[in-house]
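please find the sequence and the predicted model below.
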Amino acid sequence: MRVLVIGQGLAGTLFSHAALEKGWDCHVIDAGYASASAVAAGMFNPMSFRRVVEVWDAERHLSSMKATYSALSDQLGEQLIHFLPIHKRLSNSDYAALWNRQATTLKWIEPVTYQQGTANEGIVHGGGWVNLPRLLHLWRAQLSLQNRFERRALSQRDIDNLNNGAWDAFVDCRGMHLRNAPETPRMDLRGNRGEILTLASQDAPALPSSYILNFGKWTLPIGPNQWRLGASYEWKRQDIEPNPETADFLLHALKNAVPHSASLRVQSHEVGVRPVSKDRRPMVGPCPERPKWHIFNGLGTRGVLIGPKWANLLVDIVIGDAQTPDIVNPKRLVFPV
């Protein structure tokens, strides 16, 4: 099976890895456009905190995720997946009561004893983060060594080669750049803009270093005296220029949650636009009206968690060993002509 993958963000990386594991002749092209994956924190969490419920198909997504990133860590010679508990600040006694009710049936969380006037925290197991910038860099370097990567955009010659059989299939992983792609039908793919800060301290740790802290926003320890702070969620703006007001907003939220964090300095301020479908489910399967053309996109805010399972299934879909589930079929998002 000879496949061309278009785009090397998280989706393109996961699919090309799955295809090569199957022994396919897989090549990747990437135009070098801004990618949300390149700046994302890479966190995974089996819980949704708004209603204190398990996220979609958490058990199976976590199982596939652990296997995939562990295999990639072994192949690339660097630990890329890091398991950390998540401490969720409980905003009031009503939320703590909801948390404790859910803890009776959910394996991921522990019950708490709520004390008025203190920083009450519920603990979540099964969380952590994947170092996405390193994953993308190391995977691209490995593909390049195998002459399987090119830094370029999709060309008409590529499409001609698909039509004449030189390629057996395309897998389109262009993220937000799919939305205006002239080669595919127009689809309802939406951009969720997020900003994230990297913080550092030269003194003793100013933030937790052994767990992720969630207080509406979150801090993630990524190295000695270094954390990431995020994230914002915007639907109207689609540019990738850092907004100083957003940085101030994030830092103010952090100071309210952890007063002694004011001494931290900002090392970097980054922006990405996450590709999200209208129903928050990914796009996995054949591209409507385009024979031999498949789409892997719309991984949204939980791409690290859900991506590996769907990358593996898409390999089976491309070769004809599996049907495309309706819930992720790209045809559901095509705008009527």
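Perfect, thanks for sending it. Numbering: from 1, shown residues only.

show me what contacts Leu80?
Tyr69, Leu72, Ser73, Val130, Asn131, Arg134, Leu135, Leu138 (C-beta atoms under 8 Å, 6 or more residues apart in numbering). C-beta: built from backbone N, CA, C; applies to glycine.

repeat that for 6 Å
Leu80 makes contacts with Tyr69, Leu72, Ser73, Val130, Asn131, Leu135, as judged by C-beta atoms under 6 Å, 6 or more residues apart in numbering.

turn the residues you listed into JSON lines, including distance to His27 and neighbour count.
Below are these laid out as JSON lines (distance: C-beta to C-beta, whole Å; neighbours: other C-beta atoms under 10 Å):
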{"residue": "Tyr69", "distance to His27": "23", "neighbour count": "25"}
{"residue": "Leu72", "distance to His27": "18", "neighbour count": "21"}
{"residue": "Ser73", "distance to His27": "23", "neighbour count": "18"}
{"residue": "Val130", "distance to His27": "24", "neighbour count": "24"}
{"residue": "Asn131", "distance to His27": "25", "neighbour count": "19"}
{"residue": "Leu135", "distance to His27": "19", "neighbour count": "24"}
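
surely Pro308 meets Leu62?
No - using C-beta atoms under 6 Å, Pro308 is not in contact with Leu62, being 9.6 Å away.

of the two, which one has the most company?
Counted by other C-beta atoms under 10 Å, Pro308 and Leu62 do not tie: Pro308 has more neighbours, with 26 against 22.

could you check the strand or helix carrying the more buried one and say which residues are buried?
Element membership for Pro308 (DSSP states H and E) is helix 303-319. Buried residues in helix 303-319, counting neighbours by 16 or more other C-beta atoms under 10 Å, are found at 303-315, 317-318.

now do stretch 148-159
By neighbour count on 16+ other C-beta under 10 Å, the buried set for stretch 148-159 is Arg148, Phe149, Leu154, Asp158, Ile159.

tell me which residues are up against it.
For stretch 148-159, the surrounding residues in contact (C-beta under 6 Å, 6+ apart) are Ile6, His27, Val28, Ile29, Ala31, Gly32, Arg140, Leu143.

may I ask which of those has the most neighbours?
Among those, Val28 has the most neighbours (other C-beta under 10 Å), with 26 neighbours.

I'd assumed that residue was in a helix, is it?
No - read with DSSP: H, G, I helix; E, B strand; the rest coil, Val28 is strand and lies in no helix.

excluding chain neighbours, give the residue nearest to it in space.
Val5 (4.5 Å; C-beta to C-beta, 6 or more residues apart in numbering).

what is the nearest of the buried residues of helix 303-319 to Glu195?
For the buried residues of helix 303-319, the closest approach to Glu195 (C-beta to C-beta) belongs to Gly303, at 17.2 Å.

looking at the buried residues of helix 303-319, spot the one nearest Pro224.
When the buried residues of helix 303-319 are compared for distance to Pro224 (C-beta to C-beta), Val304 wins out at 23.0 Å.

report the contact partners of the closest one.
With C-beta under 6 Å, 6+ apart, Val304 has these contacts: Gly42, Phe44, Val130.

at 7 Å what do you get?
Going by C-beta atoms under 7 Å, 6 or more residues apart in numbering, Val304 touches Gly42, Met43, Phe44, Val130.

hmm, Asn131 and the first one touching each other?
Looking back up the chat, that one is Gly42. Yes - when contacts are counted by C-beta atoms under 7 Å, Gly42 is listed as touching Asn131 (6.3 Å).

pull the number of nearby residues for Tyr233.
Tyr233 sits with 12 neighbouring residues when counted by other C-beta under 10 Å.

rewinding a little: can you pick the most crowded of the contacts of Val304?
Neighbour counts for the contacts of Val304 (other C-beta under 10 Å) peak at Phe44, which has 27 neighbours.

please tell me how far that residue sits from Gly126.
8 Å (C-beta to C-beta, to the nearest Å).

try Trp108
With C-beta to C-beta as the criterion, Trp108 and Gly126 are 5 Å apart.

any common contacting residues for the two?
Residues within reach of Trp108 and of Gly126 at once, by C-beta under 7 Å, 6+ apart, are Pro46.
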